[in-house]
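Student: For reference, the sequence and a predicted model appear below.
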Amino acid sequence: MSEVKPMINILFAQENKLYAAGGDGYVSLLNSKTGNVIWHDRLAASLVTPPLMLNNKIYFSSGLGNLYGYHLASNN
């Protein structure tokens, strides 16, 4: 039997930006009006928790126990 991976698809909107994260470990920022990708990143593992927004950053936790934080205006 093949391994079952979590499929957590998370959408978070702020102003004209749409943040997307999936159980496949990808996080993206899109322009919500045009759909254009502003940035796209691959984490080292799949996401296991919903995002947390704090102090103008969005945080994701991975299946390996890593915490990733992205500034809401960029990919830093």
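Tutor: Done, it's in.
Student: contacts and neighbour counts: CA atoms only from here.
Tutor: OK.
Student: Which elements pack onto the helix or strand bottoming out on mean pLDDT in the chain?
Tutor: Least confident helix or strand of the chain, by mean pLDDT, DSSP states H and E, is strand 10-14 with a mean of 75. Counting contacts by 3 or more Cα pairs under 8 Å, 6 or more residues apart in numbering; DSSP states H and E, strand 10-14 is packed against strand 17-21.
Student: Parallel or antiparallel, which strands does the strand it packs on pair with?
Tutor: strand 10-14 (antiparallel), strand 26-31 (antiparallel) (DSSP bridges).
Student: for those strands, which one sits closest to residue 52?
Tutor: strand 10-14 (10.0 Å; Cα to Cα).
Student: Now do that closest one: distance to the chain's middle.
Tutor: 9 Å (Cα atoms, centre = their mean, to the nearest Å).
Student: List every C-alpha atom in it, with coordinates, as PDB.
Tutor: Taking Å, rounded to 0.1, in the frame of the first residue of the first chain, the C-alpha atoms of strand 10-14 are listed here in PDB:
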ATOM      1  CA  ILE A  10      -5.000  26.500   2.900                       C
ATOM      2  CA  LEU A  11      -6.000  29.800   1.400                       C
ATOM      3  CA  PHE A  12      -5.500  33.100   3.300                       C
ATOM      4  CA  ALA A  13      -6.400  36.400   1.700                       C
ATOM      5  CA  GLN A  14      -5.100  39.900   2.700                       C
END
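Student: How about residue 13: what's its closest non-neighbour residue?
Tutor: residue 19 (6.2 Å; Cα to Cα, 6 or more residues apart in numbering).
Student: Show the pLDDT at the one you found.
Tutor: For residue 19, the model assigns a pLDDT of 82.
Student: What separation is there between it and residue 36?
Tutor: 12 Å (Cα to Cα, to the nearest Å).
Student: can you check residue 47 too?
Tutor: 23 Å.
Student: what about the two, which has more around it?
Tutor: Neighbours were counted for residue 47 and for residue 36 using other Cα atoms under 10 Å; residue 47 has more, 29 against 11.
Student: Find the nearest non-adjacent residue to that one, please.
Tutor: Residue 47 sits nearest to residue 62 (Cα to Cα, 6+ apart), 4.3 Å away.
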